[in-house]
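Undergrad: one predicted model, sequence on top.
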Amino acid sequence: MILVNEGAGKTGKKWISGIAIIIGIGLLPFLFNNPYTMSVLIFTLLYAYFALSWNIVGGIAGQLSLGHSVYAGIGAYTSTVLFLQYGLSPWIGMIIGAALAGLAAILIGFPCFKLRGAYFALATLAFAMIMKIIVENTHNWLGGPRGLEITLLKNAPWQFQHTHKLFYYGVAVVMILAVIVTTRWILRSRMGYYLNAIKNDQEAAQSLGINVTYLKLTAAIISAVFTSIGGTFYAQFVLYINPEKIMGSHLSIQLAVMCIIGGRGTVLGPILGAILLMASEEYTRLYFGGKIVGIDLMLYGIILMVVIRFVPQGIYFPIHDLFSRFFGNRLAQEKVSLVDKAH
Amino acid sequence: MSILLQSILNGLCSGSIYSLIAVSLSLLFGVMKIINFAHGSFLMISMFFSLWACRYLGLHPLVNLLLVPPVMFVIGYSTQRFLIKSIYEKESAREPIGVLIFTTGLWIFLDNLFLAVAGPDSQVIQHEYVNKTLILGDFFMSYTQIYGFSASIFISLLFLLFLKKAKVGRAIRATGQDREAASVIGVNSYEIYNISFGLGMAVLGAAGALLVPLYNVYPQVGDVFGLRSFVIVVLGGMGSVWGAFWGGIIIGLIESVGAQFVPATFTEAIIFIIFVMVLYFKPAGLFGLESE
């Protein structure tokens, strides 16, 4: 259903499926109306959102960033510290955090974008590690390795808190729609074509007069701002943050993995990747978790290996091919060539 | 002053083992251009093998040096031959992101496999050799440190000599420098990759055997060393095995001498900051060739 929308192009079908998606998203929480499933649903949306944010730099611009937990951490910590110290609403803290994350993206991107491939990946990973160590060693404001707890206010939507999960679900849906619209806009704009050119051959792009550094930095800033907002959302949803969860290498790698497994550079790929990994993680934890320690993560690792072995471009492409074969959609084919199957 | 000298001695000892880990990673990085995120996990495996050999077979910890590397060679060779090769073939022209994701999966899988098999607790080996120390005036060093240091230096030098002189070693270097050109003169690059992976794991096995008397063994022990060895390899210069060797010594020294001046938890941040500065000012690494 969702995939038809992606391929339907300019026909009337697009609107029908679009409306169907919106109704579907609206109905989902009522289908699974218990707190546990709602939590899983919200986390899936959040990670899909994170993966889509990562996609702007990692997929569209083709820069394998492993430092995105820095931005998520900045978002989570800025809003939380401002709330705890000055009673500032996390909604405002979120905006300040996003601004700081954008600034951080410039500071990190400026030296790192000089580097390529594996060097870039490792340099950004180093920034993620530095950030985590700094936070772990700042006990006064940031709580050190123990993290920060956010005061429970029960129903306070203006303080980004609510006892009903539907509130968070709604916010997450709005966030994910925002990042989807932005991604589509980038893909169709001049910037998207430039970034695609940089991804495929940076020297060639440069020789055609594309300002490579400027464009990469712009992509990094957009991506960082979105990621940081996700960090604030995480803090407000879980009401507890610590450096282990929201900073460091694990979250960084997880975001990249979700996007790559799903399909880099596409709109639906990162969402599919997040759904696959989150669903399989929750499912195995639920059914095997108690029996053997670590079996859920073992299966998670196996899924990563199997997917990358058989569908190295991400699960989006085979699913998309399947759908377009069923619906015989010509326009769908064009779309695939646009997002670059990385040949 | 003597505290400083003592910390330098300690730094040299841990640094030499870091060197060994980094040398093995550097081989994979330099020859195959892959980021092996499962490197720490393989180290963890070789540490567990050494631990089990001591505990259940009653072997002396130093005998592991002869036992673990061949086992790790077979594991490494098979991993490359049966698992990574097919992924690598599909994208050898591009940056190997597939291998990165694959080894991430392998990393998560292996860590949790050993969590299930060996349990989450830290384990140490019980052997009289572990507790002996040598006292020289103001300084003291444990025998495990001294053996660790001398064995790491010896193995590193042996390995460097092998790469320089032996026929297979020269073929490995040729493949790393230019795969196509190496193929033209009859080097089977995929076989070289298998052997390189195997050799890298064998050196890692030696490092694991030397580390076991010095560190606790637990399923996540590889994470600490894995990420640090990336830093060392890039610091020393990618593909430069000598660079990895010196990089390891430098990191060991920074860690132990730095802990005299700042909180120990902060030395890691210093390492990463130096790393970023080197990347920025000299991306080829301290000992790397400018052309890379």
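TA: Received the coordinates, thanks. Numbering: from 1, shown residues only, chains lettered A, B, ... in the order given.
Undergrad: quick one: B:Tyr218 and B:Asp111 touch, right?
TA: No - taking Cβ atoms under 8 Å as the definition, B:Tyr218 is not a contact partner of B:Asp111, at 9.9 Å. For every residue, glycine as well, the C-beta is placed using N, CA and C.
Undergrad: higher neighbour count, those two?
TA: Neighbour totals were compared for B:Tyr218 and B:Asp111, and B:Asp111 leads with 24 against 19 (other Cβ atoms under 10 Å in any protein chain shown).
Undergrad: the more buried one in helix, strand or coil?
TA: With DSSP: H, G, I helix; E, B strand; the rest coil as the basis, B:Asp111 sits in helix.
Undergrad: low-confidence ranges, the stretch 1-150 of chain A, go.
TA: A:1-15, A:17-18 (pLDDT under 70).
Undergrad: can I assume A:Glu149 is in contact with A:Asn242?
TA: No - in this structure A:Glu149 lies outside contact range of A:Asn242 using Cβ under 8 Å: 9.5 Å.
Undergrad: higher neighbour count, the two?
TA: A:Asn242 (19 against 14).
Undergrad: and stretch A:194-204, what's buried?
TA: By neighbour count on 16 or more other Cβ atoms under 10 Å in any protein chain shown, the buried set for stretch A:194-204 is A:Tyr194, A:Leu195, A:Asn196, A:Ala197, A:Ile198, A:Lys199, A:Gln202.
Undergrad: stretch B:19-30 too?
TA: B:Ser19, B:Leu20, B:Ile21, B:Ala22, B:Val23, B:Ser24, B:Leu25, B:Ser26, B:Leu27, B:Leu28, B:Phe29, B:Gly30.
Undergrad: tell me how far that stretch lies from the chain's centre.
TA: 6 Å (Cα atoms, centre = their mean, to the nearest Å).
Undergrad: then stretch B:172-186?
TA: On Cα atoms, centre = their mean, the centre of stretch B:172-186 falls 24 Å from the chain's centre.
Undergrad: and the longest helix belonging to chain A with chain B, contact?
TA: Taking DSSP state H as the criterion, chain A has its longest helix at helix A:212-238. No - using Cβ under 8 Å from any Cβ of the partner chain, helix A:212-238 never reaches chain B; the gap is at least 14.0 Å.
Undergrad: tell me the helices and strands packed up against that helix.
TA: Judged by 3 or more Cβ pairs under 8 Å, 6 or more residues apart in numbering or on different chains; DSSP states H and E, the packing partners of helix A:212-238 are helix A:35-55, helix A:68-86, helix A:90-112, helix A:165-188, helix A:190-200, helix A:202-207, helix A:243-246.
Undergrad: nearest to A:Asn140, of these?
TA: Closest to A:Asn140 of the helices and strands packed on helix A:212-238 is helix A:68-86 (Cβ to Cβ; 10.4 Å).
Undergrad: quick one: contacts of the helix or strand of chain B with the lowest mean pLDDT?
TA: When each helix and strand of chain B is scored by mean pLDDT, DSSP states H and E, helix B:128-131 comes last, with a mean of 75. Here helix B:128-131 makes contact (Cβ atoms under 8 Å, 6 or more residues apart in numbering or on different chains) with B:His60, B:Pro61, B:Leu62, B:Val124, B:Ser142, B:Tyr143, B:Thr144, B:Pro213.
Undergrad: in chain B, which spans are strands?
TA: Assigned by DSSP state E, chain B shows strands spanning B:133-136, B:139-142.
Undergrad: from the chain's centroid, how far away is the last one?
TA: Relative to the chain's own centre, strand B:139-142 is displaced by 24 Å; criterion: Cα atoms, centre = their mean.
Undergrad: cool, and stretch B:27-44?
TA: In terms of Cα atoms, centre = their mean, the centre of stretch B:27-44 is found 8 Å from the chain centre.
Undergrad: now swap in stretch B:195-205 and tell me
TA: The answer for stretch B:195-205 is 9 Å, by Cα atoms, centre = their mean.
Undergrad: then stretch A:95-109?
TA: 16 Å.
Undergrad: could I get the CA-only coordinates of it as CSV?
TA: Extracted C-alpha coordinates of stretch A:95-109, given in CSV (Å, rounded to 0.1, in the frame of the first residue of the first chain):
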residue,chain,number,x,y,z
ILE,A,95,14.6,24.2,19.3
ILE,A,96,17.7,25.3,21.2
GLY,A,97,19.1,21.8,21.0
ALA,A,98,18.4,21.6,17.3
ALA,A,99,20.3,24.9,16.8
LEU,A,100,23.2,23.6,18.9
ALA,A,101,23.2,20.3,16.9
GLY,A,102,23.3,22.3,13.7
LEU,A,103,26.3,24.2,15.0
ALA,A,104,28.0,20.9,16.1
ALA,A,105,27.4,19.5,12.6
ILE,A,106,29.4,22.5,11.2
LEU,A,107,32.2,21.9,13.8
ILE,A,108,32.4,18.2,13.1
GLY,A,109,31.7,18.4,9.4
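Undergrad: is chain B within reach of that stretch?
TA: No - using Cβ under 8 Å from any Cβ, stretch A:95-109 stays clear of chain B, with a minimum separation of 9.2 Å.
Undergrad: list the buried residues of that stretch.
TA: Applying 16+ other Cβ under 10 Å to stretch A:95-109 flags A:Ile95, A:Ile96, A:Gly97, A:Ala98, A:Leu100, A:Ala101, A:Gly102, A:Ala104, A:Ala105, A:Ile108, A:Gly109 as buried.
Undergrad: the second one and A:Thr78 touch, don't they?
TA: Yes - taking Cβ under 8 Å as the contact criterion, A:Ile96 and A:Thr78 are neighbours in contact, 5.7 Å apart.
Undergrad: where does pLDDT dip in the stretch 51-200 of chain B?
TA: Filtered on pLDDT under 70, the stretch 51-200 of chain B yields the residue ranges B:91-96.
Undergrad: try 80 this time
TA: B:88-97, B:126-132, B:136-140 (pLDDT under 80).
Undergrad: how about B:Ala171: what's its closest non-neighbour residue?
TA: B:Val187 (4.8 Å; Cβ to Cβ, 6 or more residues apart in numbering or on different chains).
Undergrad: kindly report the same for B:Leu4.
TA: Counting by Cβ to Cβ, 6+ apart, the residue nearest B:Leu4 is B:Gln260, at 6.5 Å.
Undergrad: so who does the one you found touch?
TA: Applying Cβ under 8 Å, 6+ apart, the residues near B:Gln260 are B:Ile3, B:Leu4, B:Ser7.
Undergrad: pick the one among the contacts of helix B:128-131 closest to A:Gly269.
TA: Of those, the one sitting nearest to A:Gly269 (Cβ to Cβ) turns out to be B:Val124, at 46.0 Å.
Undergrad: wait, that closest one sits on B:Val217?
TA: Yes - at 7.3 Å, B:Val124 and B:Val217 qualify as touching, with contact defined as Cβ under 8 Å.
Undergrad: now do the shared contacts for the two.
TA: By Cβ under 8 Å, 6+ apart, no residue touches both B:Val124 and B:Val217.
Undergrad: if you count what's nearby, which of those two comes out ahead?
TA: B:Val217 (21 against 13).
Undergrad: surely the more buried one is in contact with B:Asp121?
TA: No - using Cβ under 8 Å, B:Val217 makes no contact with B:Asp121, being 9.5 Å away.
Undergrad: one step back: between the helices and strands packed on helix A:212-238, which gets nearest to A:Gly314?
TA: helix A:35-55 (10.6 Å).
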